[in-house]
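Q: A structural model of the following input is requested.
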Amino acid sequence: MNDALDGFAVLLVDDHPLFRDGLATALRHKAPGMRVRAVGTLPEAVEVLAQAGEGFDLVLLDYRLPDTDGLRCAAQLREQFPDVSIGLMSGLDDPSLPRRTRDAGLVAYLPKTLEVSALLASLNRLAAGEPVFDLPAVVAVSEPVAGPYGLTGRQLDVLRELATGASNKEIARALGIAPATVKNHVEAIFTKMGTSNRLQAVVLARATLQGTDG
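A: A predicted model of the protein is given here:
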């Protein structure tokens with residue numbers, strides 16, 4: 001279940017040490033292939049991201065942070081680090097928050113009440129480039145096959161961008177996901193389509209999409 005999380009890097013931002021450190025420890029234990037870093041404030045997060053470059057696939061922000069909230073923090077982080085995907089965690093019973101999070105351009109809303117197993121299932125979906133806002137009802141539902149070669153809907157999205165000759169970074173910006181996530185999708189596309197390099201994939205993608213999009 002957690003193979004998709006091997007090498008997936010998450011930065012937790014939460015000012016409650018017990019929750020923050022406990023969650024980081026639990027994730028490292030349950031998904032040892034995942035890289036987890038935890039900090040308590042927005043300035044600390046900025047410092048870590050500035051040092052790590054594009055090394056993080058996902059930033060998970062607590063909604064309640066000192067003197068601000070997670071949505072405001074997300075807006076600031078997106079200005080400085082546009083290639084990093086951002087999600088929100090909250091313990092508030094606010095039915096409008098998932099929608100507000102999605103409308104703000106984030107990739108996930110994760111309740112703090114989730115069990116670790118459910119959180120890992122959500123992270124697997126995020127690692128596959130799928131946004132998560134509808135927990136817990138469909139947290140364990142796999143993305144259905146949506147196109148030729150057994151490609152999922154998100155992989156088709158990546159394929160369309162790939163067919164234009166876009167780089168992984170350009171695809172990431174167009175789809176609002178992390179470059180590392182795009183790389184995972186591209187590798188999966190190569191495998192499913194039986195191609196060994198990007199040029200072959202682009203040629204085959206253009207031919208394939210003529211049949212599916214036309």
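Q: low-confidence stretches in this protein?
A: Confidence mapping of the chain against pLDDT under 70 gives the ranges 1-3, 53-54, 134-147, 211-214.
Q: now do the strands in it.
A: 9-13, 35-39, 58-62, 64-65, 68-69, 85-90, 108-111 (DSSP state E).
Q: quick one: the ones you listed as TSV, columns for mean neighbour count and distance to Val182 too.
A: Yep, even glycine has a C-beta here, placed from its N, CA and C like the rest. Listed next are those as TSV, based on neighbours: other Cβ atoms under 10 Å; distance: least, Cβ to Cβ, whole Å:
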stretch	mean neighbour count	distance to Val182
strand 9-13	23	14
strand 35-39	19	18
strand 58-62	25	13
strand 64-65	17	29
strand 68-69	14	29
strand 85-90	24	11
strand 108-111	22	17
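Q: tell me which of the ones you listed sits nearest to Ala166.
A: Closest to Ala166 of these is strand 85-90 (Cβ to Cβ; 17.7 Å).
Q: against which helices or strands is that closest one packed?
A: strand 58-62, helix 70-80, helix 97-103, strand 108-111 (3 or more Cβ pairs under 8 Å, 6 or more residues apart in numbering; DSSP states H and E).
Q: who's in contact with it?
A: 14, 57-64, 70-71, 74, 77-78, 97, 101, 106-112, 126, 132, 176-178, 181 (Cβ atoms under 8 Å, 6 or more residues apart in numbering).
Q: which among the helices and strands packed on strand 85-90 is found nearest to Ala121?
A: strand 108-111 (10.7 Å).
Q: so which residues make contact with that closest one?
A: With Cβ under 8 Å, 6+ apart, strand 108-111 has contacts from 58, 60, 87-91, 97-98, 101-102, 119, 122, 126, 131-133, 135.
Q: relative to Thr208, how far out is the residue minimising distance to the centre of the chain?
A: The centroid of the chain falls nearest to Leu126 when counting by Cα atoms, centre = their mean (3.9 Å). Leu126 sits 26 Å away from Thr208, going by Cβ to Cβ, to the nearest Å.
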